[in-house]
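J.: Sequence plus predicted model, see below.
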Amino acid sequence: MLLDTATLDGYASDLASNLKEGDLPAALKASGNVSTLRAASVLMEAPRGTVVPFFRLAGWEKAASLATYLPREFTARLLGEMEDDEARLLIAGMPYHVIADVLDVLPEDERQAIKQGLDADVLRQVETIAAYPDDSAGSIMSPYYLAVPEHASAHEAVDAVRYAPADVERGAYIYVVDAERRPVGVVSLRDLTLARARDEVSDLMTRDVMVARVDDAAMDAARRVRSRRLKLLPVVDGDSRLVGVITINQAMDLLAHEAVDEVAQIHAVSVDETFFTPPAEAVRRRLPWMAANIFLNLGAVVVITSFEETLVQVAILAAFLPMITDMGGNVGIQALSVSIRSIALGEVRLRDFWLAVRKELFIGICNGIALGALFTVVAYVMQGSLVLGLVAGTALAVNVLVAGVVGGTIPFLIKRIGRDPAMMTGPVLTTITDITGVSIYLGLCTVFLTSLLAGG
């Protein structure tokens with residue numbers, strides 16, 4: 001059978017329909033044709049009361065696999081709906097780093113109850129990972145990896161791969177370690193299968209091993225996985241002993257979350273807030289940002305107030321202010337998003353600042369002329385005043401130019417001073433474009449006030 005996109009979408013739709021109708025046996029059958037990640041997404045949209053019964057019917061091994069891809073807060077909520085024994089079975093089947101994340105969001109009493117029911121070895125591994133700093137390579141690594149001694153034969157290495165437990169992270173190569181479990185090389189499965197059985201892996205391995213240390217930034221490790229096109233990245237402790245691996249799936253998940261976090265930061269939203277954050281906590285996280293924006297926007301208020309006489313004499317001028325400021329903000333956000341993404345992906349460096357300036361100047365001039373001319377026509381048609389149209393169009397054109405240059409270059413400046421451009425640039429950009437647009441527009445209106453009063 002050819003499993004094209006339409007067929008796979010149909011399977012996922014069947015799973016969703018069966019869950020909605022409460023037909024759990026049919027849902028379980030349909031889930032066998034759906035990937036674990038997609039099935040988890042469907043469960044997120046299912047009626048709340050069906051997920052735990054579905055887990056019971058599916059078995060706790062499959063349930064743990066599905067729960068691994070659910071948001072941690074969602075999983076924590078499900079645990080509260082289960083019996084204590086069921087919660088322990090679900091938790092015990094998850095990867096150690098996922099268990100650590102879920103326990104971290106549970107209330108203290110529930111956390112301790114689940115810990116008491118975990119196997120001692122599992123609990124030790126979880127607490128080891130939880131002890132690493134947040135957002136470090138150690139906090140996201142998997143302790144399931146495959147390594148062989150440097151004096152092992154090719155035959156022994158192949159057997160190690162063949163008989164390795166199912167939860168070991170597998171790739172196209174395995175690591176070679178010394179007596180202290182320090183990685184000394186890496187050998188590909190292809191070389192092992194082509195070698196003679198008695199050949200030692202030390203003669204087959206590549207001695208250059210790229211590693212991350214447990215206290216390295218997790219994002220740096222994830223970018224290394226992506227840029228080097230690795231399937232696995234070994235993680236070593238302070239004594240250079242191999243303690244875990246970061247998989248390509250973990251790296252891609254982390255990079256995807258980074259992209260989402262940056263979008264949230266651009267719009268002044270706390271990256272720690274999720275759909276499941278309690279309303280009171282959400283208010284606590286959002287309110288400071290909104291309060292800060294009030295003071296930033298006072299700059300535009302001061303500018304408008306200084307042109308009060310002009311506005312009083314020609315009240316229609318106020319009608320075009322939102323268009324000019326909003327257009328500047330939209331253009332700035334476009335340029336801002338491109339720059340932050342390029343910096344995050346490593347496509348540009350801080351020394352490329354002047355390249356960004358030249359690029360945004362060219363784009364801003366072209367867009368400014370086109371949008372300014374369009375707005376001139378619109379303003380003239382609406383009000384029948386050529387002077388007002390030219391003033392509004394000119395103000396819009398200049399604001400578009402300024403917004404593009406500011407949005408495209410200010411992330412470089414903020415990054416230069418060691419701050420997070422995604423967190424700081426949005427509010428700064430909005431303030432600058434508002435003040436610039438209002439100043440230019442009302443300033444030109446004041447200069448040509450006589451013509452505007454004459455209705456020219």
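T.: All right, it came through fine. Numbering: from 1, shown residues only.
J.: Looking at residue 145 now. What's its pLDDT?
T.: Note for residue 145: predicted pLDDT of 83.
J.: now it, what's its secondary structure?
T.: Put simply, residue 145 is coil when judged by DSSP: H, G, I helix; E, B strand; the rest coil.
J.: what's the distance between the residue lying closest to it once chain neighbours are set aside and residue 186?
T.: Nearest non-adjacent residue to residue 145, counting by Cβ to Cβ, 6 or more residues apart in numbering: residue 245, 4.4 Å away. Any C-beta I mention is one placed from the backbone N, CA and C, and that applies to glycine too. Using Cβ to Cβ, to the nearest Å, residue 245 is found at 11 Å from residue 186.
J.: Mind checking which of these two has more residues around it?
T.: residue 245 (25 against 20; other Cβ atoms under 10 Å).
J.: pretty sure the more buried one contacts residue 230?
T.: No: the pair residue 245 / residue 230 is not scored as a contact, 9.8 Å apart, by Cβ atoms under 8 Å.
J.: which SSE is the nearest residue to residue 81 once chain neighbours are set aside in?
T.: Distances taken as Cβ to Cβ, 6+ apart put residue 52 closest to residue 81, at 5.0 Å, once the chain neighbours are dropped. Applying DSSP states H and E as the criterion places residue 52 in helix 51-58.
J.: so what's the residue nearest to residue 81 up against?
T.: 78, 81, 82, 86 (Cβ atoms under 8 Å, 6 or more residues apart in numbering).
J.: Help me confirm that the first one comes into contact with residue 51.
T.: Translated: residue 78. Yes: counting by Cβ under 8 Å, residue 78 sits close enough to residue 51 to count as a contact (6.0 Å).
J.: For the helix holding residue 52, what does the pLDDT average out to?
T.: Mean predicted confidence for helix 51-58 is 92.
J.: Give me the helices and strands touching the helix or strand following it, please.
T.: Per DSSP H and E, the first helix or strand lying C-terminal to helix 51-58 is helix 60-67. In terms of contacts (3 or more Cβ pairs under 8 Å, 6 or more residues apart in numbering; DSSP states H and E), helix 60-67 is packed against helix 36-45, helix 51-58, helix 84-92.
J.: send the alpha carbons of the shortest one over as PDB?
T.: Presented in PDB, the C-alpha positions along helix 51-58 are these (Å, rounded to 0.1, in the frame of the first residue of the first chain):
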ATOM      1  CA  VAL A  51      -7.200  10.300  26.900                       C
ATOM      2  CA  VAL A  52      -6.600   8.400  30.100                       C
ATOM      3  CA  PRO A  53      -9.000   5.600  29.200                       C
ATOM      4  CA  PHE A  54      -7.300   5.400  25.800                       C
ATOM      5  CA  PHE A  55      -3.900   5.100  27.600                       C
ATOM      6  CA  ARG A  56      -5.300   2.300  29.700                       C
ATOM      7  CA  LEU A  57      -6.500   0.400  26.700                       C
ATOM      8  CA  ALA A  58      -3.300   1.000  24.700                       C
END
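J.: centre of the chain versus that helix, how much separation?
T.: Relative to its parent chain, helix 51-58 has a centroid offset of 30 Å by Cα atoms, centre = their mean, to the nearest Å.
J.: What of the last one?
T.: With Cα atoms, centre = their mean as the basis, helix 84-92 stands 29 Å off its chain's centre.
J.: Residues in contact with it: which ones?
T.: The contact list for helix 84-92, computed with Cβ under 8 Å, 6+ apart, reads 52, 55-56, 60, 63-64, 67, 78-79, 82, 99, 102-103, 110, 113-114, 117-119, 122.
J.: and with 7 Å instead?
T.: Outside of helix 84-92, the residues within contact range by Cβ atoms under 7 Å, 6 or more residues apart in numbering are 55, 60, 63-64, 67, 79, 82, 99, 102, 113-114, 117-119, 122.
J.: number of nearby residues for the closest residue in space to residue 151 that isn't next to it in sequence?
T.: Closest residue to residue 151 apart from its sequence neighbours, by Cβ to Cβ, 6+ apart: residue 200 at 6.0 Å. Around residue 200 there are 17 other residues, counting by other Cβ under 10 Å.
J.: Against residue 370, how distant is residue 200?
T.: Taking Cβ to Cβ, one finds residue 200 at 69 Å from residue 370.
J.: and the angle from the helix or strand encompassing residue 124 to helix 84-92?
T.: Assessed by DSSP H and E, residue 124 sits inside helix 120-130. Angular relation of helix 120-130 and helix 84-92 on a 0 to 180 degree scale: 60 degrees, by axes from the mean of the first three to the mean of the last three Cα atoms, to 10 degrees.
J.: State the next helix or strand along the chain beyond helix 120-130.
T.: helix 137-140.
J.: Summarise which helices and strands that next one is packed against.
T.: helix 218-227 (3 or more Cβ pairs under 7 Å, 6 or more residues apart in numbering; DSSP states H and E).
J.: Can you name the element that comes right after the helix it packs on?
T.: Downstream of helix 218-227, the next assigned helix or strand under DSSP H and E is strand 232-236.
J.: between the very next helix or strand once past that following strand and helix 218-227, how many degrees?
T.: Following strand 232-236 in sequence order, the next helix or strand is strand 242-247 (DSSP H and E). With the same axes, to 10 degrees applied, the angle from strand 242-247 to helix 218-227 works out at 60 degrees.
J.: Since that was my last question, I'll sign off now.
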